[in-house]
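Undergrad: A predicted structure for the sequence below; I have some questions about it.
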Amino acid sequence: AQSVTQPDIHITVSEGASLELRCNYSYGATPYLFWYVQSPGQGLQLLLKYFSGDTLVQGIKGFEAEFKRSQSSFNLRKPSVHWSDAAEYFCAVGDGSNQGGKLIFGQGTELSVKP
Amino acid sequence: DAGVTQSPTHLIKTRGQQVTLRCSPKSGHDTVSWYQQALGQGPQFIFQYYEEEERQRGNFPDRFSGHQFPNYSSELNVNALLLGDSALYLCASSLDLLSYNSPLHFGNGTRLTVT
């Protein structure tokens, strides 16, 4: 069965520093991979997605992620973090049922930003 | 263009009671999915509705049921509430049942507390 692991429950970075959030997935074929962000009291917003092709994908708000099949990873990066990036970040994988809408989410990584 | 709207925003119920949560999808979307997000966890897929039928279901008991109306809005019903049902319930809509190409748009959720 598909699964997603986000090893870091909480990360703190200084404003202006670079960021990398880790995500490892378990899936037999080429996965559909997503990163979502959730601000307090809000729903989830899609940052970026990977289906196939170029393994480095660009998203909104200056985020990017790199798909590495050999490491079963899809880590999220941002070169310079802003205070407004403080939120919960979720990695997710499509469950492979050939029907959209059903995603398997990781536990999430809470990002705090120090001034 | 209204996004996904959910009501109510907060709800407090007693064990054994029944609850109904409501969702209006983003304009133009015809597929609705429901997720449960327990505190400190990632969202878990409950079920998905398309053309007024349940199309996929996650690992949730029959106490969880739903409905989709001709205008694509949806309801989530939970019977015989347990303390463990306390969570944020997220509704997500999309345009394409059979593809992940149409990204999920999430509402801000309904916070259910069972006492």
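TA: Sure thing, it's come through. Residues are numbered from 1 along each chain as shown, chains lettered A, B, ... in the order given.
Undergrad: And for stretch A:74-81, what's in contact with it?
TA: For stretch A:74-81, contacts defined as CB atoms under 8 Å, 6 or more residues apart in numbering or on different chains pick out A:13-25, A:33, A:35, A:47-48, A:50, A:61-68, A:85, A:89, A:91, A:111, A:113. All C-beta spots, glycine's among them, are computed from the backbone N, C-alpha and C.
Undergrad: Quick one: neighbours of residue A:29, just the number.
TA: Using other CB atoms under 10 Å in any protein chain shown, the number of residues around residue A:29 comes to 7.
Undergrad: Mind listing what's buried along stretch B:25-43?
TA: B:25-26, B:29-37, B:42-43 (16 or more other CB atoms under 10 Å in any protein chain shown).
Undergrad: quick revisit: now, which of the contacts of stretch A:74-81 lie within helices?
TA: Applying DSSP state H to the contacts of stretch A:74-81, no entry is found in helices.
Undergrad: can you tell me which residues contact the residue lying closest to residue A:12 once chain neighbours are set aside?
TA: Nearest non-adjacent residue to residue A:12, counting by CB to CB, 6 or more residues apart in numbering or on different chains: residue A:112, 4.4 Å away. Neighbour list for residue A:112: A:10-13, A:86 [criterion: CB under 8 Å, 6+ apart].
Undergrad: likewise residue A:94?
TA: Residue A:94 sits next to A:31-34, A:100, A:102-104, B:100 when contact means CB under 8 Å, 6+ apart.
Undergrad: Repeat the analysis, applying 7 Å as the threshold.
TA: By CB atoms under 7 Å, 6 or more residues apart in numbering or on different chains, residue A:94 lies in contact with A:31-32, A:103, B:100.
Undergrad: Neighbour-wise, give me the winner out of the residues you listed.
TA: residue A:103 (27 neighbours).
Undergrad: what's the closest non-adjacent residue to that one?
TA: With sequence-adjacent residues excluded and distances taken as CB to CB, 6+ apart, residue A:103 is closest to residue A:92, at 4.2 Å.
Undergrad: Next to chain A, which bits of chain B? Give me the list.
TA: Within chain B, the positions near chain A by CB under 7 Å from any CB of the partner chain are B:31, B:33, B:41-43, B:45, B:48, B:55-56, B:90, B:94, B:96-100, B:102-104, B:106-109.
Undergrad: all strands of the chain, in order?
TA: Answering for chain A, as no chain was given. Remark: strands assigned in chain A by DSSP state E are A:3-5, A:10-14, A:19-21, A:24-26, A:33-38, A:44-50, A:56-58, A:64-68, A:73-78, A:87-94, A:103-105, A:109-114.
Undergrad: my question was about chain B
TA: B:5-7, B:10-13, B:19-24, B:31-37, B:44-50, B:53-57, B:64-68, B:74-78, B:87-94, B:105-106, B:110-114.
Undergrad: Appreciated, that's everything.
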